[in-house]
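A.B. asks: The sequence and its predicted three-dimensional model are supplied below.
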Amino acid sequence: MPDKNVRRAAVSALRAWSKGYLYADSLVERHARRNHLSQSDRGLLNSILLSVLRNRSLLDHWIGMLRKGKLDHETRDILRVGVCQLLLLGIPDHAAVNETVGCARRAVRGLINAVLRRAVAARNTLFSEREKLPPPLRFSHPEWLCKRWDRQFGSDATQTLLAWNNEPAPVFVRVNSLAPSPLDPGSEEGLISTGIDGYFSLSGQLTPHWTDEGLVYVQDPSTRLAVELLAPRPGETILDACAAPGGKSSLIAAAMQNEGVLLCTDSNEKRLPRLADNLKRQHLSISTEEVFDWTEEAPVEWHGRFDRILLDVPCSNTGVLRRRVDVRWRLRPEQIEALSGIQEQILRNALPCLKPGGHLLYSTCSLEPEENEQQVAAFQDSHPEIELLDSRRSLPFQDGFDGSYAALLRLRGGS
């Protein structure tokens with residue numbers, strides 16, 4: 001029989017994550033299935049794994065205060081799981097200590113037990129000391145990223161952003177206007193208005209048939225900025241160039257009232273089935289899906305074809321660290337420069353596909369100027385045939401949603 005110890009599953013998932021295997025959410029699903037966890041135990045596994053990753057530096061600091069000396073990787077992960085439960089998740093001491101000790105090898109159970117009991121005894125001291133720690137340690141973010149944001153936003157806004165990133169992300173849903181019988185939010189419990197038309201936060205569990213029947217789509221309100229600026233119209237021919245998993249595609253189709261042509265492409269063939277399934281479930285009748293890598297020149301038959309193009313380009317994801325807990329530990333400074341080069345290639349290769357007078361919307365979920373304002377300014381400098389019509393950005397510490405950037409460009413010419 002599979003072992004159903006949630007703490008052991010969390011340790012196994014952490015070991016796999018540290019070796020670069022998959023993302024945290026995928027690991028939760030894999031280890032929940034492997035251990036045949038109940039829904040409640042799966043929720044606990046998710047809470048432990050994400051909390052450990054969000055607070056990794058802080059947990060290691062606390063472990064270092066509680067136990068001097070070197071630790072092997074597995075023992076450290078077990079201690080991270082245990083200390084996280086005791087000091088961050090508020091799980092009762094008895095359950096947290098006993099269950100965590102029980103998932104360790106016999107040779108280290110005494111050590112694990114001793115350290116966790118010290119954590120219980122030192123809880124108030126550790127909490128008090130935490131407030132004096134430097135922000136990269138207190139909020140468990142890479143020091144280089146904290147320095148970058150300090151220069152960009154100032155120290156107060158940066159600390160607000162760091163704290164924001166460490167909070168569990170709420171679930172937002174968008175009501176799908178393309179559904180044959182659209183959901184009436186006023187008649188459903190658990191939907192809380194965000195003040196933005198069509199978007200709601202959930203106060204409980206997501207009702208499965210809402211997503212199965214395409215009544216709602218799980219989507220942060222920040223994603224609407226790009227499609228609102230693009231302003232699709234019924235009857236147009238539109239390209240969503242980096243479409244998977246399809247959230248913005250369905251927004252475009254809704255704005256088009258399912259009238260016209262929507263081509264959805266993605267560079268990864270493995271993502272295409274999920275994209276197609278999502279669009280079908282969202283009741284899109286105007287979309288087709290194709291594999292295409294926009295770092296390559298576009299086919300000649302696509303040149304001058306599209307009224308509007310959405311480029312939701314690959315980026316550093318620094319605006320969505322609250323949702324993508326892996327990113328802060330995977331990202332390196334040099335990757336931002338490399339991503340900027342890829343983004344410029346995609347812009348350059350997509351531009352010929354616009355009709356004269358057509359609109360191109362460039363968007364990211366990054367907070368970094370090199371990927372946003374500076375990228376657009378440099379592209380304008382090298383392409384005088386385009387003009388910047390408008391731009392918007394959302395900042396978590398100002399807007400209360402994920403960070404994003406959108407810039408609307410127009411190709412001169414046409415009527």
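C.D. replies: Everything's here; your move. It should be emphasised that the depicted structure is a prediction, and the values quoted were computed from it without experimental measurement.

A.B. asks: Point out where the chain drops to low pLDDT.
C.D. replies: 1-4, 415 (pLDDT under 70).

A.B. asks: Break it into its domains for me.
C.D. replies: Annotated domains of the chain cover 6-133, 134-167, 168-218, 221-411 [automatic domain parsing].

A.B. asks: Of those, which stretch is the most buried?
C.D. replies: domain 221-411 (a mean of 19; mean count of other Cβ atoms under 10 Å). Just so you know, the C-beta spots here come from the backbone N, C-alpha and C atoms, and that holds for glycine as well.

A.B. asks: Quick one: end-to-end distance for that one.
C.D. replies: End-to-end distance for domain 221-411, by Cα to Cα, to the nearest Å: 28 Å.

A.B. asks: Give me the three-state assignment for residue 360.
C.D. replies: strand (DSSP: H, G, I helix; E, B strand; the rest coil).

A.B. asks: who does it bridge with?
C.D. replies: Residue 360 has the following beta-bridge partners by DSSP bridges: residue 309, residue 409.

A.B. asks: Tell me who's in contact with it.
C.D. replies: Residue 360 makes contact with 308, 309, 311, 347, 350, 351, 354, 386, 408, 409, 410, 411, according to Cβ atoms under 8 Å, 6 or more residues apart in numbering.

A.B. asks: between these, which is nearest residue 37?
C.D. replies: residue 311 (39.8 Å; Cβ to Cβ).

A.B. asks: residue boundaries of the strands in the stretch 51-200 of the chain?
C.D. replies: 172-175, 191-193, 199-202 (DSSP state E, counting those that start in this stretch).

A.B. asks: partners of the shortest one, with directions?
C.D. replies: Applying DSSP bridges, strand 191-193 is found paired with strand 199-202 (antiparallel).

A.B. asks: so after the strand it pairs with, what's the next helix or strand?
C.D. replies: Using DSSP states H and E, the helix or strand that follows strand 199-202 in sequence is helix 208-212.

A.B. asks: What is the nearest of the contacts of residue 360 to residue 15?
C.D. replies: Using Cβ to Cβ, residue 311 comes nearest to residue 15 of the contacts of residue 360, at 37.6 Å.

A.B. asks: what's the spacing between that closest one and residue 239?
C.D. replies: Applying Cβ to Cβ, to the nearest Å, the value for residue 311 to residue 239 is 9 Å.

A.B. asks: Give the residues shared as contacts by the two.
C.D. replies: Taking Cβ under 8 Å, 6+ apart as the contact rule, the neighbours common to residue 311 and residue 239 are residue 350.

A.B. asks: End to end on stretch 360-378, go ahead and measure it.
C.D. replies: 15 Å.
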